[in-house]
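S.K.: Just to be clear, the model below is a prediction. Sequence and coordinates:
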Amino acid sequence: MFSRSLIVVFLAVQIAILGLTGCQSAGADAQKLLADKKYQEVINKFPDTQFARRARALMAEDLLAAGKAEQVMKEFPDTRAAFLAREEQAKTLYNNKEYARVLAEFPNSPLATEAERVLAEELYAAGKFDELIMKYGKSDRGKQVKEERATADFEAAKKMKGDKQVAALEAIMRTYTETAAYKEAANLLRDVRKPGGPGAKPTLQPSLSSTPGGSPAPLKKQ
């Protein structure tokens, strides 16, 4: 006669076997549906499973192959097919020289960096440096222009004195935070502000004869 504990163990094993058999059966069912391209049925029958995710990916690939890129990007944005659709559209815009649209619509595309470089080069060639810094300040050309301006401003600031120099150095530090001149301006500003530094104002020593409480001036000879 089985003891109570053995019966409990036996039932647990049977439940586990049935569960495993059920999982295997469900997997086989899902695989058959995928093979038959019944993707929506898989999604409905096995939601939140790897089978549903695979069905979505395959559905997106079929739509992309059918030329329905917009639908893929809208309904299946997290699939590989959606990534390929976005890259294809970005490439089309780039080849059509619509660089601003590439940046605006596909900022995460590898082509966005190249589009920004082209636009920055165009502004640089046209001498539109202010617009270049404002729009594409992190591009190579944008960084170059900021470095050149910061260096020129720093050279001018070194020739100044007193409060005017301090104001110029502070302006460089506000405007050109990611340049070599920023560090140089910070170092010079620190030196200028030191007591007795190059920008320090001289301290006037009062005359003993004219300062109240000072020592009396020497007596004239009689």
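M.R.: Thanks, I have the structure now.

S.K.: How about stretch 36-53, which residues are buried there?
M.R.: For stretch 36-53, the buried set under the neighbour-count rule, 16 or more other Cβ atoms under 10 Å, comprises 39, 42-43, 45-46, 51-52. C-beta coordinates here come from the backbone N, C-alpha and C atoms, glycine included.

S.K.: Turn those residues into TSV, including pLDDT and secondary structure.
M.R.: Rendered in TSV, the data for those read as follows (pLDDT from 0 to 100; DSSP: H, G, I helix; E, B strand; the rest coil):
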residue	pLDDT	secondary structure
39	86	helix
42	88	helix
43	87	helix
45	89	helix
46	89	coil
51	89	helix
52	88	helix
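
S.K.: any idea how far residue 188 is from residue 172?
M.R.: Summarising the geometry, the distance separating residue 188 from residue 172, computed by Cβ to Cβ, to the nearest Å, is 9 Å.

S.K.: Now do the shared contacts for these two.
M.R.: Taking Cβ atoms under 8 Å, 6 or more residues apart in numbering as the contact rule, the neighbours common to residue 188 and residue 172 are 154, 157.

S.K.: Compare those two (neighbour count), which wins?
M.R.: Neighbours around residue 188 and residue 172, counted as other Cβ atoms under 10 Å, are more numerous at residue 172. The numbers are 24 against 21.

S.K.: The nearest residue to residue 139 once chain neighbours are set aside sits in which helix or strand?
M.R.: Once flanking residues are discounted, residue 139 sits nearest to residue 120: 3.9 Å by Cβ to Cβ, 6 or more residues apart in numbering. Element membership of residue 120 [criterion: DSSP states H and E] is helix 110-125.

S.K.: so what's the backbone phi/psi at the one residue sitting closest to the centre of the chain?
M.R.: Computing the C-alpha centroid of the chain and ranking residues by Cα atoms, centre = their mean puts residue 108 first, at 10.2 Å. Torsion angles at residue 108 (phi, psi; degrees, to the nearest 10) stand at phi -90, psi 0.

S.K.: Report the separation between it and residue 83.
M.R.: Applying Cβ to Cβ, one obtains 10 Å for the distance of residue 108 from residue 83.

S.K.: just residue 52 next, same as before
M.R.: 19 Å.

S.K.: Same check on residue 189?
M.R.: Residue 189 is 48 Å from residue 83, where distance means Cβ to Cβ.

S.K.: Then residue 46?
M.R.: Distance check for residue 46 against residue 83: by Cβ to Cβ, it reads 24 Å.

S.K.: do residue 193 as well
M.R.: Relative to residue 83, residue 193 is positioned 54 Å away (criterion: Cβ to Cβ).

S.K.: Comparing those two, which residue is more hemmed in?
M.R.: Comparing residue 193 with residue 83 by neighbour count (other Cβ under 10 Å), the higher total belongs to residue 83, at 16 against 12.

S.K.: tell me the SS of the more buried one?
M.R.: Local secondary structure at residue 83 is given as helix here, using DSSP: H, G, I helix; E, B strand; the rest coil.

S.K.: can you check residue 47 too?
M.R.: Counting by three-state DSSP, the backbone at residue 47 sits in coil.
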